[in-house]
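**Student:** model this:
(one chain, ligands or ions: 1)
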Amino acid sequence: MEDFNWRLQDVDRARAACLAAIEDLLRAQGKSPVDYGLPLADPRLLEPLQQDDALFREIDAAARWAPQVEALNAEQRTVYDRVMATVDDPREVSRTFFVDGPGGTGKTTLYGYLIWSLRHRPQPLEVLCFAYTGIAASLMDGGMTVHSTFGTLTEDSTSTVTMQSERAQKIRNAALIVWDEALMSPGLQLTVVDRLLRDVMVSELPFGGKTMLFAGDFRQILPVVRRGTRADIVMSSIKENGLWSVMERFNLVQNMRAGNDADFASWLLRLGNGQLPAVDGVPDIVQIPREMVCDVADLIDFVYPQEMSLANVEEFARRVILCPTNEECGDVNGDVLERVDGREMTIGIPKKSDHVLRIRHQC
Ligand SMILES: Nc1ncnc2c1ncn2[C@@H]1O[C@H](COP(=O)(O)OP(=O)(O)OP(=O)(O)O)[C@@H](O)[C@H]1O
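**Tutor:** Numbering: from 1, shown residues only. Predicted structure coming up:
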């Protein structure tokens with residue numbers, strides 16, 4: 001609540017935003033605030049859906065260089081032109097697009113330019129843009145989720161958006177709907193959103209005839225199916241949904257993030273596409289070229305230079321090393337701690353006999 005208060009500077013709006021955030025979390029678990037005796041947020045006090053949205057901020061940032069349309073590469077430009085043509089031509093029947101691109105191929109930049117272009121027309125057009133709920137949204141610091149845009153999507157395939165609601169009106173007004181991280185969304189969500197858009201738009205065309213731009217990366221995370229097998233996960237993907245067949249698909253392959261390092265970009269692509277040879281025939285185990293591997297001690301030297309001390313603790317508290325496993329995290333933490341001056345203390349964590357917290361005095 002304090003965060004909302006600080007951000008919105010208004011107790012009533014902060015309370016509404018806080019209740020809406022709690023509702024989103026509960027809905028994601030299939031529960032409702034009512035189940036816990038909580039009131040519902042007053043919708044009149046809620047922020048417009050697009051404001052305060054991290055994904056929008058990211059996209060707006062990506063769009064800063066947008067006025068130079070020629071900056072888009074040929075692959076991005078093909079999608080851009082196709083989507084724009086669809087927005088501008090009401091007779092266009094095929095309005096559902098899917099962009100597959102590994103990380104760094106410029107998907108965010110592409111949406112950024114599309115959104116910027118539509119909003120900066122003499123007659124500005126609206127764009128709705130969201131990502132799958134849960135992990136993706138929580139990483140986006142208040143990002144707009146499928147839930148917050150379309151309401152609760154449940155197993156019985158209905159949406160809580162009513163036809164007269166502000167959300168329904170926003171959907172009607174949108175010239176383009178962008179659905180990022182689409183491959184994390186279960187196929188069911190596609191069905192529910194399709195049905196909702198048909199109802200809202202009073203049209204039997206796919207997604208009610210809205211121009212939809214889905215994007216994602218097959219090399220990243222697929223839907224999470226609790227205790228599901230690999231087959232269950234694949235079956236829950238939007239690719240198994242009948243709507244997949246109506247999507248006009250594009251591939252971005254040029255890695256813009258890897259810049260001029262063509263070898264690295266090509267290696268990443270082959271890795272993501274599962275085209276690298278397996279080591280000793282063991283599936284999913286590949287050899288990483290020696291030159292790409294960094295010694296852990298060198299990495300620690302780089303991130304936490306030797307001269308660090310408690311005097312500049314603020315400075316290195318902002319640095320971080322990501323580790324794939326807790327065990328490696330413990331090893332790296334131990335090595336880093338050795339480099340900090342001061343007497344060490346070890347604190348046991350109740351009920352977790354194998355967990356200890358090691359800190360340095362004054363740290
Ligand atoms: N046409 C372009 N010209 C120059 N730089 C570009 C172009 N497209 C993208 N970039 C830059 O490449 C980097 C990666 O782009 P972007 O974040 O849009 O990729 P992405 O596919 O969304 O990646 P991820 O899936 O990891 O989020 C960014 O720094 C972006 O500014």
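
**Student:** Could you report the neighbour count for residue 251?
**Tutor:** 13 (other CB atoms under 10 Å). Using the backbone N, CA and C atoms, a C-beta is placed for each residue, glycine as well.

**Student:** got it, and residue 185?
**Tutor:** Using other CB under 10 Å: residue 185 sits among 27 other residues.

**Student:** other SSEs contacting the longest helix along the chain?
**Tutor:** Longest helix in the chain, counting residues (DSSP state H): helix 11-28. If contacts are counted by 3 or more CB pairs under 8 Å, 6 or more residues apart in numbering; DSSP states H and E, helix 11-28 sits against helix 2-8, helix 146-150.

**Student:** pLDDT of the longest one, averaged?
**Tutor:** Computed over helix 2-8, the mean pLDDT rounds to 66.

**Student:** Kindly report the same for the shortest one.
**Tutor:** Confidence for helix 146-150, expressed as mean pLDDT, is 67.

**Student:** which element follows that helix toward the C-terminus?
**Tutor:** helix 166-173 (DSSP states H and E).

**Student:** Just the buried residues of that following helix, please?
**Tutor:** 167-168, 170-171 (16 or more other CB atoms under 10 Å).

**Student:** Please apply the same query to stretch 177-189.
**Tutor:** Under the neighbour-count criterion of 16+ other CB under 10 Å, stretch 177-189 has 177-189 buried.

**Student:** Sort out which of those are in helices and list them.
**Tutor:** Filtering the buried residues of stretch 177-189 for helices - DSSP H - leaves 187-189.

**Student:** Kindly reformat the residues you listed as JSON lines containing distance to residue 8.
**Tutor:** Output for those, formatted as JSON lines (distance: CB to CB, whole Å):
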{"residue": "187", "distance to residue 8": "36"}
{"residue": "188", "distance to residue 8": "34"}
{"residue": "189", "distance to residue 8": "29"}
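
**Student:** Farthest pair within the buried residues of stretch 177-189?
**Tutor:** 178 and 188 (20.0 Å; CB to CB).

**Student:** from memory residue 4 sits against residue 18, does it?
**Tutor:** Yes. Counting by CB atoms under 8 Å, residue 4 does reach residue 18; the two are 4.9 Å apart.

**Student:** What's the separation between residue 345 and the ligand?
**Tutor:** 40 Å (CB to the nearest ligand atom, to the nearest Å).

**Student:** is it fair to say that residue lies in a strand?
**Tutor:** Yes. Residue 345 forms part of a strand when assessed by DSSP: H, G, I helix; E, B strand; the rest coil.

**Student:** Burial check on it, number of neighbours?
**Tutor:** 11.

**Student:** Assess the claim that it and residue 356 are in contact.
**Tutor:** No. Counting by CB under 8 Å, residue 345 sits too far from residue 356 to count as a contact (10.1 Å).

**Student:** which residues are common contacts for these two?
**Tutor:** Here residue 345 and residue 356 have no joint contacts, going by CB atoms under 8 Å, 6 or more residues apart in numbering.
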